[in-house]
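Student: whatever this is, show me its structure:
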Amino acid sequence: MIGPATRNQSPVSRRDFARFLALSGSAFLAHPPLAWPTPLQQTPQHPDEKFWLSVREQFLMPPELGVLNAANLCPSPAPVLEAMYRSTKDVDADPSFDNRVKMSAGKEETRRLVAAFLRVTPEEIVLTRNTSEANNMVSSGLDLKSGDEVIVFADNHPSNNAAWTQKAARFGYVVTTINPPNPHPGPEYYLEAVRKAITARTRVLAFTHHTSTVGDVLPAKELCQIARERGVMTLIDGACTFGMADVDLSDIQPDFYSGSSHKWPCGPKEVGVLYISARVHGRVHPSIISAYPGALGISRTMEAMGQRDEPAIIGFGEALNFQTKIGRKAIEARSRALGQALMAGLRRLDGVKLWTHPDPSRSAAVVSFQPGSLDVSKLSAALYRNDRIGCATRGGADRPGIRFSPHIYNTMAEVDRSVAAIAKYMRQGI
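Tutor: Presented below is the predicted three-dimensional model:
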């Protein structure tokens, strides 16, 4: 379902959808889409591997391809693709203002779904293009000046920290960076580090909930409480928790929280979210001023970005419906179980150095490791070419290696196959 204004449209036929895919590019001509899946079944009380295989069948990826890279980009399931196609076809068949009014209704339905997903109010939700844009709305929208301070963590996404640093150079405030050790030293380390770092000048604490570097999970609720007690605003980068973890912002109570549709929610590209707590609505200003704002609360001022891809926004709502049907607790448990299985297998391999802490209270579904002295770029290419396993790489001197980030469309068999492939290359080289 994609919102009240579009429910009565006739569904896309499988023939139309297959034809659309075939016309979308040579890749689809070379690799025809899979048969359209049966509807997603109800999640059992104790989901087994058979159930998760049925979830996998909702995605177009062929069975032999195992992509463990949710921290970068996730595929979208069939209901999301159909919702996007249906809405796109509607707009292109009749782009008049009179017809497109239903798209605004669909956008507002997605805002409602996002708010419910994060357990906040629609008046506190801004629909952005991605996490980076959401973070920049905060760093560009706050009145920070000479003498002020922003505290960040070194493991924040580079686009987040670079934005704070460049704007600090322009406006004269100071950015203080906390360098966390490896492996994850436990939540109290981070709490004490922030207590020591906050000064009378500190205005913002910006941190990542679940790091994309080595998968450290930070004590978000406690960090927000410390900052709030000191009068400091908090920005949580939730790119690797939104859609993976059962996030409850009413409990965590940050001032800002950002996320992307194209990662763990398995939604369309170029759609994201920025939560702005009602208590700070008067402290943040828009950095883009154009047409077509949102209809509620802070979106009226922060979301006037001009023409948007509303079918993608509607598809985002369908992605949240898909995850809600599976169950957020079930999704988090599954993602964590896949991460734990990966770490257990990798820890048995001689020469592999695991950067991610195996304690489930300190990590979740991002697993980073150094595969001995193997060239990680060549290893990544070999994994994809020979073993049909997709992953990410980390170069440089800061915890280099391979990063696996599995999600609900991955199987335990793919985890076993990935560990076996790493073991093979560790033995024989590339």
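Student: please compute how far stretch 283-301 lies from its chain's middle.
Tutor: For stretch 283-301, the gap between its own C-alpha mean and the chain's C-alpha mean amounts to 23 Å (Cα atoms, centre = their mean, to the nearest Å).
Student: which parts of the stretch 51-200 of the chain are strands?
Tutor: Under the criterion DSSP state E, counting those that start in this stretch, strands of the stretch 51-200 of the chain are mapped to 66-67, 125-128, 149-153, 174-178.
Student: and those strands, which is most packed in?
Tutor: With neighbours defined by mean count of other Cβ atoms under 10 Å, none of those is more surrounded on average than strand 125-128, at a mean of 26. Quick note: C-beta positions are derived from backbone N, CA and C, even for glycine.
Student: chain center to it: distance?
Tutor: 14 Å.
Student: so for it, mean pLDDT?
Tutor: When the per-residue pLDDT values of strand 125-128 are averaged, the result is 98.
Student: what is it packed up against?
Tutor: Contacts defined by 3 or more Cβ pairs under 8 Å, 6 or more residues apart in numbering; DSSP states H and E place strand 125-128 against helix 97-118, helix 131-141, strand 272-276, helix 299-302.
Student: quick one: pLDDT of Ser159?
Tutor: 86.
Student: nearest residue to it other than its sequence neighbours?
Tutor: Ser132 (4.6 Å; Cβ to Cβ, 6 or more residues apart in numbering).
Student: in TSV, list the helices and strands packed on strand 125-128 along with mean pLDDT.
Tutor: What follows is the helices and strands packed on strand 125-128, written out as TSV (pLDDT from 0 to 100):
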stretch	mean pLDDT
helix 97-118	96
helix 131-141	97
strand 272-276	98
helix 299-302	97
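Student: for these, which one ends up most surrounded?
Tutor: Comparing these by mean neighbour count (mean count of other Cβ under 10 Å), strand 272-276 ranks first with a mean of 26.
Student: any idea of the angle it forms with helix 131-141?
Tutor: The directions of strand 272-276 and helix 131-141 differ by 40 degrees, with axes from the mean of the first three to the mean of the last three Cα atoms, to 10 degrees as the criterion.
Student: and the angle for strand 272-276 with helix 97-118?
Tutor: Counting by the same axes, to 10 degrees, strand 272-276 points 60 degrees away from the direction of helix 97-118.
Student: strand 272-276 pairs with which strands, and in what direction?
Tutor: Each strand that strand 272-276 pairs with, and the sense of that pairing, follows from DSSP bridges: strand 125-128 (antiparallel), strand 256-260 (antiparallel).
Student: need these in JSON lines (columns: distance to Arg417).
Tutor: Conversion of the strands paired with strand 272-276 to JSON lines gives the following (distance: least, Cβ to Cβ, whole Å):
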{"stretch": "strand 125-128", "distance to Arg417": "36"}
{"stretch": "strand 256-260", "distance to Arg417": "28"}
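Student: show me the helices in the stretch 151-300 of the chain, by range?
Tutor: Along the stretch 151-300 of the chain, the stretches classed as helices by DSSP state H, counting those that start in this stretch are 158-171, 187-197, 220-229, 249-252, 299-302.
Student: Asn386: which of those is closest?
Tutor: When those are ranked by proximity to Asn386, the top entry is helix 158-171, at 30.7 Å, counting by Cβ to Cβ.
Student: quick one: residues in contact with that closest one.
Tutor: 132, 135-136, 139-140, 144-146, 150, 152, 154, 173-175, 177, 206, 208, 237 (Cβ atoms under 8 Å, 6 or more residues apart in numbering).
Student: quick one, it and strand 149-153 angle?
Tutor: Orientation of helix 158-171 against strand 149-153 (the same axes, to 10 degrees) gives an angle of 160 degrees.
Student: please state the offset of helix 158-171 from the chain centre?
Tutor: The mean C-alpha position of helix 158-171 is separated from the chain mean by 22 Å, Cα atoms, centre = their mean.
Student: over to stretch 65-81?
Tutor: Here stretch 65-81 is found 11 Å from its chain centre; the criterion is Cα atoms, centre = their mean.
Student: keeping just the C-alphas, turn that stretch into CSV.
Tutor: These are the backbone C-alpha positions of stretch 65-81, laid out as CSV (Å, rounded to 0.1, in the frame of the first residue of the first chain):
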residue,chain,number,x,y,z
LEU,A,65,24.7,-13.7,-5.8
GLY,A,66,25.4,-12.9,-2.2
VAL,A,67,25.9,-9.2,-1.6
LEU,A,68,26.8,-8.4,2.0
ASN,A,69,27.0,-4.6,1.7
ALA,A,70,23.9,-3.2,3.4
ALA,A,71,26.0,-0.4,5.0
ASN,A,72,26.5,1.0,1.5
LEU,A,73,23.5,0.0,-0.7
CYS,A,74,20.6,-2.5,-0.3
PRO,A,75,18.3,-3.8,-3.0
SER,A,76,14.6,-3.1,-2.9
PRO,A,77,12.0,-5.8,-2.6
ALA,A,78,9.3,-6.4,-5.2
PRO,A,79,6.6,-4.4,-3.4
VAL,A,80,8.8,-1.3,-3.4
LEU,A,81,9.7,-1.6,-7.0
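Student: select the longest strand from the protein.
Tutor: For the chain, the strand that runs over the most residues, judged by DSSP state E, is strand 202-208.
Student: what lines up beside that strand in the sheet?
Tutor: Each strand that strand 202-208 pairs with, and the sense of that pairing, follows from DSSP bridges: strand 149-153 (parallel), strand 233-237 (parallel).
Student: for stretch 48-66, give the mean pLDDT please.
Tutor: In this model, stretch 48-66 has a mean pLDDT of 96.
Student: and for stretch 315-328?
Tutor: In this model, stretch 315-328 carries a mean pLDDT of 98.
Student: residues of it that come out buried?
Tutor: 315-323, 326, 328 (16 or more other Cβ atoms under 10 Å).
Student: what is the nearest of those to Gly186?
Tutor: Minimum distance to Gly186 across these is 25.8 Å, recorded for Arg328 (Cβ to Cβ).
Student: I'd guessed that closest one sits against Phe242; true?
Tutor: No - assessed by Cβ atoms under 8 Å, Arg328 is found out of contact with Phe242, at 10.7 Å.
Student: got the domain boundaries for this structure?
Tutor: Using automatic domain parsing, the domain parsing of the chain gives 106-323, 329-428.
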